[in-house]
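Student: got a sequence here, can you model it:
(one chain, ligands or ions: 1)
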Amino acid sequence: MAAQPTILVTRKLPEAVEARLQRDYAARLNPDDTVFSADELISRAAGADGLLVCPTDKLSAAVIERLPQSIRIAASFSVGYDHIDIEAAQARGLVVTNTPDVLSDATAEIAILLMLGAARRAGEGERLVRADGWTSWSPTFMLGRQVTGRRFGVLGMGKIGRITAERARSFGMEIHYHNRNRLDPALEAGAIFHDTVDDLLRHADVLSIHCPATPETDRLINERTLALLPAGAIVVNTARGNVIDDAALIDALRSGRLYAAGLDVFNNEPAIHPGYRTLDNAFLLPHLGSATVETRDAMGFRALDNLDAFFAGKAPVDRVT
Ligand code: DGY
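Tutor: This next block holds a predicted model:
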C-alpha cells in the first residue's frame, strides 16, 4: 500500500473532519489551535506533501517562496482566498483550493442577523439587559428602524449575495444589486440591477457587502462612496474587512449620517479599529459567518474532497490556481 500523503493542518478542525483526515492521511494536527507564525508554518511543513490552511494563515509571496518543495497543494478551509498570494502560488506551481457553496446559507443568516441587529438596536438592548439597566417598558424606549419596505442593496451577487437577497425579500424588502456582470433573469429573481457601484449605493437603504477582497474592492466603501448612501442607511459586511475604510465608516456612524452598521469582518481582525467599540450603533460579531456545526463540517469535508482528488491525480473541483 502506498504511503499516505502527509498534510500539515494549521488549525484545530471539527472532530469529524479530523477523524477523516487521520483515516486517509498522515495528518499533522494542531490540537492547541495556536496560530502559527510564518516561520513555524514553514518549519512544521518540512517533509509534508500538502497544507490544510485557514484564513488566519497568511501565505504571502515570501512565505510561499520559503515553503518546502515537497508541498504541492494548499487546501484552504474557507471560500475566501485573499490570505494567499495567488500569483505567487501560480508561479511556484502550488495548487490552491477553497470551499465555495457550502457556507452560503450560514453566511446569509449572519448577514440578516447583522441587518436586524443593527436596525433594531439588538446589541444595545442586550448590553442594557445584562447590565441590569432596563427600568421599564415605554412607548418611546429604544426605538429602532423597521426594514419592511426598505431597499436592500447587494454588492456582489454571487451565491451568498443571492441567498441573502432571498432572505431579505421575505422581510418585504425590495432587492437592488450590483455585480460585475448582470445575472440571468432567473437568478435575478426580480432584483433591480445597477451597472455601477455608485448607482447601487444611491438606492440602498441597507447595503449588504458580498464581494471578494481584491485590489479593485479594497476600501471600495470609503468617505466618497458612503456619502452616496441615503441618509440613515445601514451598512452590513459579511465579506471582508478591507472592502471598508474604517475611519470613514466610523465618522459616518458617529455623525449619525448612517443609522447603523452590522459587521462580522474587519480590517486586521481581531485587532479591529477601536473606534467601533465606542459606537452604540455598530453591531459587531467576531467573524461568525460560517460558524455553524453543519457548515464547518461541510467546509472541512470539501477541503478534504479537494485534497483527495489532488492526491488521486485528478483535478480538485475547487481549484483556484
Ligand atoms: C471564508 O470562508 O472565507 C469565511 O470568511 C470564513 O468564515
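Student: please make it C-alpha for all contacts and neighbour counts, starting now.
Tutor: Noted.
Student: so for the residue in the stretch 101-250 of the chain that the ligand sits nearest to, what's the nearest residue that isn't a sequence neighbour?
Tutor: When scored by CA to the nearest ligand atom, the stretch 101-250 of the chain has Ala239 as its residue closest to the ligand, at 6.7 Å. Nearest residue to Ala239, sequence neighbours excluded (CA to CA, 6 or more residues apart in numbering): His210, at 5.0 Å.
Student: phi, psi for that neighbour please.
Tutor: Main-chain dihedrals, His210, degrees, to the nearest 10: phi -140, psi 20.
Student: any idea which element Leu207 lies in?
Tutor: Leu207 is part of strand 206-209 when elements are defined by DSSP states H and E.
Student: distance of Ala309 from Ile7?
Tutor: Ala309 sits 14 Å away from Ile7, going by CA to CA, to the nearest Å.
Student: so between these two, which is more surrounded?
Tutor: Ile7 (26 against 13; other CA atoms under 10 Å).
Student: and the stretch 201-321 of the chain, which residues reach the ligand?
Tutor: 289-290 (CA under 6 Å from any ligand atom).
Student: for the ligand, what's the nearest residue on the stretch 201-321 of the chain?
Tutor: At 4.4 Å from the ligand, Ser290 is the closest residue in the stretch 201-321 of the chain, using CA to the nearest ligand atom.
Student: does that residue sit in a helix, a strand or a coil?
Tutor: Each residue gets one of three states, and Ser290 gets coil by DSSP: H, G, I helix; E, B strand; the rest coil.
Student: quick check: it vs Tyr81, distance?
Tutor: 15 Å.
Student: in this structure, which residue is closest to the centre?
Tutor: Ala239 (3.8 Å; CA atoms, centre = their mean).
Student: how close does that one get to Leu21?
Tutor: Distance from Ala239 to Leu21, by CA to CA: 28 Å.
Student: do Cys211 as well
Tutor: Taken as CA to CA, the span from Cys211 to Leu21 is 31 Å.
Student: and the closest residue to the ligand within the chain, what helix or strand is that in?
Tutor: Closest contact between the chain and the ligand, by CA to the nearest ligand atom, is at Ser78 (3.1 Å). Taking DSSP H and E as the definition, one finds Ser78 inside no helix or strand.
Student: can you list contacts of the strand holding Leu207?
Tutor: With contacts defined as CA atoms under 8 Å, 6 or more residues apart in numbering, strand 206-209 is touched by 111, 115, 150-156, 161, 201, 233-239.
Student: list the ones among those residues that fall in helices.
Tutor: Judged by DSSP state H, the contacts of strand 206-209 include 111, 115, 161, 201 as members of helices.
Student: so what's the last one closest to, chain neighbours aside?
Tutor: Leaving aside its sequence neighbours, Leu201 sits nearest to Leu229 (CA to CA, 6+ apart; 5.0 Å).
Student: then the third one?
Tutor: The shortest distance from Gly161 to any non-neighbouring residue, by CA to CA, 6+ apart, is to His210 (5.6 Å).
Student: residue numbers of the stretch 1-150 of the chain in contact with the ligand?
Tutor: So far as CA under 6 Å from any ligand atom goes, the stretch 1-150 of the chain lies against the ligand at 78-80.
Student: rebuild the residues you listed as a markdown table, extending it with pLDDT and neighbour count.
Tutor: Converted to a markdown table, those look like this (pLDDT from 0 to 100; neighbours: other CA atoms under 10 Å):
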| residue | pLDDT | neighbour count |
| --- | --- | --- |
| Ser78 | 98 | 21 |
| Val79 | 98 | 20 |
| Gly80 | 97 | 18 |
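Student: redo the residues you listed as JSON lines? Include distance to Leu67.
Tutor: Formatted as JSON lines, these follow (distance: CA to CA, whole Å):
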{"residue": "Ser78", "distance to Leu67": "20"}
{"residue": "Val79", "distance to Leu67": "22"}
{"residue": "Gly80", "distance to Leu67": "21"}
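Student: now stretch 126-141, how far from the centre of its chain.
Tutor: 32 Å (CA atoms, centre = their mean, to the nearest Å).
Student: same thing with stretch 86-93?
Tutor: 23 Å.
Student: just stretch 19-32 next, same as before
Tutor: Its chain's C-alpha centre lies 25 Å from the corresponding centre of stretch 19-32 when counted by CA atoms, centre = their mean.
Student: that older thread, does the residue nearest to Leu201 sit in a helix, a strand or a coil?
Tutor: Taking three-state DSSP as the rule, one finds Leu229 in the coil state.
Student: kindly list the main-chain dihedrals of it?
Tutor: phi -70, psi 150.
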